[in-house]
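Undergrad: Sequence first, predicted model second:
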Amino acid sequence: MSIYITPLSKPACFVMIMLSMMISVSFTGCSKDESSITETETGTTSGSGTSVVNNTTVTSGTAEGSKETGANADDLLENSTFGSVVAINFGVTVSITNPLAAAGVTVTENGGDVTITATATGVEYQLSGTTTNGSLKVYSDKKFKMTLNGVAISNNDGPAINIQSSKRAFIVVADNTTNTLADGAAYATSTEDMKGAFFSEGQLIFSGSGALAIKGNYKHGIVSDDYVRVSTGNITILGAVSDGIHANDAVIIDGGTLKITASNDGIQADEGYVIVNDGAITLNTIDKGISAAYEGTDATVLPYVTINGGTIAVTAIKGEGIESKGVLTINKGTITVTSYDDSINAATAIYINGGSIYVNASNNDAIDSNGTLTVTGGTVIAVGAGSPEASFDCDARTFKVTGGLIIGIGGATSGTTNSVSSIRSLVMGSGDANSIVHIEAADGTEALTFLAPKTFSTLIYASSKLAANTAYTIYKGGSVTDGTTFNGLYLTGTYNKGTAGTTFTTTNLLTQTGGSISRN
């Protein structure tokens, strides 16, 4: 159950003012330290004049959380040599060129299904041609390179590509080629593990600048019982019955373009982590967009999500946008999430150190940490559902803000923690959809100009633009000319004043003029 504290009503406020010229009301903040509700003068007067908008830069504190990139020299294709080529061309008949037939590579074909059994080192397998009911299976004692050179494989009773080897497989999508893979909706009985259109027991390392399209009709699109790494490439998961990309240990995205449509999660690490270093990622899912999902009892498994860059767009129809069952860290990147459940969620802690982030949850909290919540940089706009859901929620634990610019609207919010924060914040009351909220100091200096995308009962704003011991006026309505925006936050332009309302003075790190601060 959520408990809220709202500012005193005007009659009560009047009685207290008559008893004393100044009064501070203490309450328990997100980390249960002393904060202040600032009682303010509220009225409405028609505004006049203009104000210059400038939100092009934000301050940054000391970054916290993970800096892990997943760098591994063994995953670099240039650090391996593959000097022998075995070529397989699918068609009405399968053409096989195997210069290593007597040197450790056996290739057999039966009804369009090709099986490679290899003990040789330094081998590249080049795939081309088309089959509507064929497959490729690989058994290899050594790491290998597989080049997709304009190949289309559909398999009616199993994976299109099935790597039954625990060794590293470098998958190169050849430049200027289009490649497609699809598995069957039902698999033939087998004692071997296989659960996706492109399956591997070992590591899958994707690179190249060609196009690869995959349809997962049985379960996953791309799946590894080890880890999946995308260095470069243009990969589209056209649809997956379960996850788009699924790995047991980790998924690491270094670059490329990923477009994933999935009936479960877009990207999931079952017992490990997800790292995004760069790339353009678009996820359309029924459940979660990105998930580090482990909830078991093995203390050696540390699920986490770290985002170091890239452009990520998530649409999660019934689930969460980005989820970690451990720590979630955002260091940089442009992130947009539209979700039904929490847009960003972590079990242990959320750290936001940079980036441009817009999240909108239609039925739950926008950003929800079941542990602590820390913002040291970046621009964050969080749109939560109505009461009792929040824009920022840390379950009455520490909400630390030492940098960045945050705006949250919803039914409630967690309050920032005074004892560890260094950036001032404001919690205020309701506003209308498609109406501007503008805050400026008595000298005309703009602190915030924001066009709300929906009606809200609570807004939280934190930024170094809120100066200490300064009187501010909140305007509603008005317009902006020659403006540029980031999801409703005006970055530049000229604000033409609307209706002047509440005034407040920043005598404390946290000022509340209205709205609801979550207590648990």
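TA: Received the coordinates, thanks.

Undergrad: going forward, measure contacts between C-alpha atoms and count neighbours the same way
TA: OK.

Undergrad: Around residue 89, count how many other residues there are.
TA: For residue 89, the neighbour count with other Cα atoms under 10 Å is 19.

Undergrad: Just confirm it is within a strand.
TA: Yes: checked against DSSP: H, G, I helix; E, B strand; the rest coil, residue 89 lies within a strand.

Undergrad: what sits against it?
TA: Counting by Cα atoms under 8 Å, 6 or more residues apart in numbering, residue 89 touches 95, 96, 127, 128, 129, 130.

Undergrad: Go through those residues and name the one nearest residue 466.
TA: Set against residue 466, the nearest of the contacts of residue 89 by Cα to Cα is residue 127 (60.3 Å).

Undergrad: what's the spacing between the strand or helix carrying the closest one and its chain's center?
TA: Counting by DSSP states H and E, the element that carries residue 127 is strand 123-131. Relative to its chain's centre, strand 123-131 lies at 35 Å (Cα atoms, centre = their mean, to the nearest Å).

Undergrad: Going by contacts, tell me the helices and strands next to that strand.
TA: Contact here means 3 or more Cα pairs under 8 Å, 6 or more residues apart in numbering; DSSP states H and E; on that basis strand 123-131 packs against strand 84-90, strand 144-154.

Undergrad: For the first one, list the C-alpha coordinates in CSV.
TA: As requested, C-alpha coordinates have been extracted for strand 84-90 and formatted as CSV (Å, rounded to 0.1, in the frame of the first residue of the first chain):
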residue,chain,number,x,y,z
SER,A,84,40.7,-22.7,-45.6
VAL,A,85,37.3,-22.3,-47.2
VAL,A,86,34.5,-24.9,-47.5
ALA,A,87,31.7,-23.7,-49.8
ILE,A,88,28.1,-24.9,-49.6
ASN,A,89,25.6,-23.7,-52.1
PHE,A,90,21.9,-24.6,-51.5
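
Undergrad: Quick one: work out the angle between that strand and strand 144-154.
TA: Using axes from the mean of the first three to the mean of the last three Cα atoms, to 10 degrees, the direction of strand 84-90 lies 0 degrees away from that of strand 144-154.

Undergrad: in the helix or strand just after strand 84-90, what's buried?
TA: Downstream of strand 84-90, the next assigned helix or strand under DSSP H and E is strand 95-97. Neighbour-count burial for strand 95-97 flags residue 96 (criterion: 16 or more other Cα atoms under 10 Å).

Undergrad: likewise stretch 97-104?
TA: Buried residues in stretch 97-104 (16+ other Cα under 10 Å): 98, 100.

Undergrad: Endpoint to endpoint, that stretch covers what distance?
TA: Stretch 97-104 has an end-to-end distance of 14 Å (Cα to Cα, to the nearest Å).

Undergrad: how close does the residue nearest to residue 133 when sequence neighbours are not counted sit to residue 91?
TA: Sequence neighbours aside, residue 155 is the residue nearest to residue 133 in space, at 4.6 Å (criterion: Cα to Cα, 6 or more residues apart in numbering). Remark: distance between residue 155 and residue 91 (Cα to Cα) = 13 Å.

Undergrad: likewise residue 461?
TA: Counting by Cα to Cα, the gap from residue 461 to residue 91 is 62 Å.

Undergrad: what sits against the spatially most central residue of the chain?
TA: The centroid of the chain falls nearest to residue 322 when counting by Cα atoms, centre = their mean (4.5 Å). Residues counted as contacts of residue 322 (Cα under 8 Å, 6+ apart) are 288, 289, 290, 291, 343, 344, 345.

Undergrad: With that, I have no additional questions.
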